[in-house]
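A predicted structure for the sequence below; I have some questions about it.
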2 protein chains.
Amino acid sequence: MTNTDIDVTNLREIGAFEGSLAQRVYLALQEAILSLQFLPGAIVRKGLICEKLGVSRSPVSEAIARLSNEGLVDVVPQSATRVAYFSMDDIREGTFLREALELASVAKVARDRTDEQMAQLNRNVRLQALLVEDQDFAGFYQADEEFHAMLMHFTGYPRLKTVARMVSLQVTRARMLLLPTPGRSNETLEEHQAVVDAVRDQNPEAAQDAMRYHLGQLMPRIEALAEKRPDLFQSR
Amino acid sequence: MTNTDIDVTNLREIGAFEGSLAQRVYLALQEAILSLQFLPGAIVRKGLICEKLGVSRSPVSEAIARLSNEGLVDVVPQSATRVAYFSMDDIREGTFLREALELASVAKVARDRTDEQMAQLNRNVRLQALLVEDQDFAGFYQADEEFHAMLMHFTGYPRLKTVARMVSLQVTRARMLLLPTPGRSNETLEEHQAVVDAVRDQNPEAAQDAMRYHLGQLMPRIEALAEKRPDLFQSR
DNA sequence: CTATGTCAACTAACATGTTAGTCTACTAGA
DNA sequence: TCTAGTAGACTAACATGTTAGTTGACATAG
């Protein structure tokens, strides 16, 4: 049980975000937690955050309430708030939920896709190929995210992306720990290509199979990670 | 555009709920909105709610923030908050998301079920049969809800039920409008039975097919409803 | 040395005061 | 009569003050 406070110097200023103050504080805190600049177990002190960001306790409270709802912080009433530890149970559940949404999406897109959408998918995958060639891992990560976001966007359901992001926040945070996996980009690219091929052929079952295989590559890596960094996982 | 205020006399006292004040206010408001005691378009006034429930504006604000996040109210900054109108787009999306989660759940349960879980499902379906026989529609509705909750519970993923509920809140509210459909209970029962049969046989594909068919019965009924009650649907 | 009880300090939750943006109704002008 | 401008009332958002519950350290007893 660490008693360390969060390091508020890692917080980006709220000027970097838009929306209400509460929304900005929320985004700033979420970014710090997901990027692991706030470590699991660290105590989240409203006072420090207010001071650093130059806002009162109201928007900070609202932001923390939302983070608590997402499971990124654990609030102990009348006592303290801590950055949530990783939990394999949460990550497994997030993976399951994410897969459910991704599979439904890709099947629908395979059925309903337009030629314009197909062109956009091809463009994205070709971009990925370039980035792999250039060894631009950060760029590839972003293109990867965009690939999945694009598929969800093509369903025509605007909240889908938000829900998918919300249910798999813990997974996203865990992914941050295993970013630099050199050989993986090539494989990922091939898996994406397989999905796109099935979507091109308007074959929902094949698209689901390809996506299921692709997503299935993640969990084993996270499980390996849990062995290496037990300090970040909950020991309740 | 209605200018009617909500009728706070329809709010249950917060003593009926548990948790923090904010949580109780949230539950009370959500109940009133989902049961259509607060009609779409009605203005949600913090002052009235504070007075009726005997709490200050803080917990009410937090509750409204959550409802806004769920899409049950529309907040206009610095101006007013209204009960959200029905939106066919939202309902269609909710149905899609719900189906994605239900299909993934029922497939997993069909694969992994224990005999004890099977017994519980059978018990629930037999209860449904009794309630249909007795023409107890309210009881049947509850058993129906429990049936779906049970399947999600059996996946072993605790947040699943919450997420499924959240994404389909609009659908739940719309269902309230078409509750008394006499002949429907029999059909519903048969569809549930088909799902249970496939789970018994540990046949994930058949279970998904049965569930897909079952869920597919809802949307056409809601669409018919939108024709009958255009006043409840958005006309932005 | 260990276990238990007490107390002080700190926190989240809640109440209340303040600010600024939005809507509406009234008025004045065409 | 209809449009445009304006002022006032009302609201959500934000700031700040207050309350009560939890934690953890320390002292005291076993």
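Nice, thanks for sending it over.

residues touching the closest residue to A:Ala104 other than its chain neighbours, list them.
Leaving aside its chain neighbours, A:Ala104 sits nearest to B:Ala100 (3.5 Å; criterion: Cβ to Cβ, 6 or more residues apart in numbering or on different chains). C-betas here are computed from N, CA, C, even on glycine. Going by Cβ atoms under 8 Å, 6 or more residues apart in numbering or on different chains, B:Ala100 touches A:Ala100, A:Leu101, A:Leu103, A:Ala104, A:Ser105.

Also A:Ala143?
By Cβ under 8 Å, 6+ apart, the contact set of A:Ala143 is A:Asn124, A:Leu127, A:Gln128, A:Leu131.

Rebuild those as TSV, extending it with neighbour count, pLDDT and distance to A:Val25.
Output for these, formatted as TSV (neighbours: other Cβ atoms under 10 Å in any protein chain shown; pLDDT from 0 to 100; distance: Cβ to Cβ, whole Å):
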residue	neighbour count	pLDDT	distance to A:Val25
A:Asn124	18	97	33
A:Leu127	16	96	34
A:Gln128	22	95	34
A:Leu131	20	94	33
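
What is the nearest of the residues you listed to A:Gln202?
Using Cβ to Cβ, the shortest approach to A:Gln202 within the contacts of A:Ala143 belongs to A:Asn124, at 18.3 Å.

Check the secondary structure at the closest one for me.
The local conformation at A:Asn124, judged by DSSP: H, G, I helix; E, B strand; the rest coil, is helix.

so who does it touch?
Going by Cβ under 8 Å, 6+ apart, A:Asn124 touches A:Ala143, A:Glu146, A:Phe147, A:Met150.

In helices, which of these appear?
In this view, the contacts of A:Asn124 that belong to helices under DSSP state H are A:Ala143, A:Glu146, A:Phe147, A:Met150.

Around DNA strand D, which positions in chain A sit nearby?
Chain A comes close to DNA strand D at residues A:3, A:20-22, A:55-59, A:62, A:76-80, as judged by Cβ under 7 Å from any atom of the strand.

quick one: the helices in chain A?
For chain A, the helices defined by DSSP H occupy A:21-34, A:46-53, A:57-70, A:88-112, A:115-133, A:137-154, A:158-167, A:169-175, A:184-200, A:204-216, A:218-228.

would you turn those helices into a markdown table with distance to B:Ala42?
Formatted as a markdown table, the helices of chain A follow (distance: least, Cβ to Cβ, whole Å):
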| stretch | distance to B:Ala42 |
| --- | --- |
| helix A:21-34 | 25 |
| helix A:46-53 | 34 |
| helix A:57-70 | 24 |
| helix A:88-112 | 33 |
| helix A:115-133 | 40 |
| helix A:137-154 | 33 |
| helix A:158-167 | 23 |
| helix A:169-175 | 34 |
| helix A:184-200 | 44 |
| helix A:204-216 | 42 |
| helix A:218-228 | 45 |
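
Nearest to B:Lys46, out of those helices?
Closest to B:Lys46 of those is helix A:57-70 (Cβ to Cβ; 14.2 Å).

and that closest one, which residues are buried?
A:Pro59, A:Val60, A:Ser61, A:Glu62, A:Ala63, A:Ile64, A:Ala65, A:Arg66, A:Leu67, A:Glu70 (16 or more other Cβ atoms under 10 Å in any protein chain shown).

quick one: it to chain centroid distance?
Helix A:57-70 sits 19 Å away from the centroid of its parent chain (Cα atoms, centre = their mean, to the nearest Å).

which residue is nearest the centroid of chain A?
A:Thr172 (3.1 Å; Cα atoms, centre = their mean).

got a list of what that one touches?
A:Leu34, A:Arg165.

And it, how far from DNA strand C?
The gap separating A:Thr172 from DNA strand C is 24 Å, by Cβ to the nearest atom of the strand, to the nearest Å.

Equivalent analysis for A:Ala80, please.
Noted for A:Ala80: a distance of 5 Å to DNA strand C, by Cβ to the nearest atom of the strand.

Read off the pLDDT value for the spatially closest residue to that residue that is not a sequence neighbour.
Leaving aside its chain neighbours, A:Ala80 sits nearest to A:Ile43 (5.6 Å; criterion: Cβ to Cβ, 6+ apart). Per-residue pLDDT puts A:Ile43 at 90.

Give the bridge partners for A:Ile43, please.
In this structure, A:Ile43 bridges to A:Asp5, A:Arg82 when assessed by DSSP bridges.

these two touch, right, it and A:Val75?
No - if you go by Cβ atoms under 8 Å, A:Ile43 and A:Val75 don't touch, sitting 11.4 Å apart.

Show me whatever sits in contact with both of these two.
Common contact partners of A:Ile43 and A:Val75 (Cβ under 8 Å, 6+ apart): A:Thr81.

Now do the same contact list for the spatially closest residue to A:Leu67 that is not a sequence neighbour.
Counting by Cβ to Cβ, 6+ apart, the nearest residue to A:Leu67 once its immediate chain neighbours are dropped is A:Val73, at 4.6 Å. Residues counted as contacts of A:Val73 (Cβ under 8 Å, 6+ apart) are A:Ile33, A:Val44, A:Ile64, A:Leu67, A:Thr81, A:Arg82, A:Val83, A:Ala84.

Show me how the record splits chain A into domains.
Domain ranges of chain A: A:8-83, A:88-232, per automatic domain parsing.

Least confident of those domains, on average?
Among those, domain A:8-83 carries the lowest mean pLDDT, a mean of 90.

Need the distance between the two termini of that one.
Terminal residues of domain A:8-83 are spaced 13 Å apart (Cα to Cα, to the nearest Å).

how much space between A:Ala110 and A:Thr155?
Distance, A:Ala110 to A:Thr155, by Cβ to Cβ, to the nearest Å: 11 Å.

Comparing the two, which residue is more hemmed in?
Taking neighbours as other Cβ atoms under 10 Å in any protein chain shown, A:Ala110 and A:Thr155 compare with A:Ala110 leading, 24 against 19.
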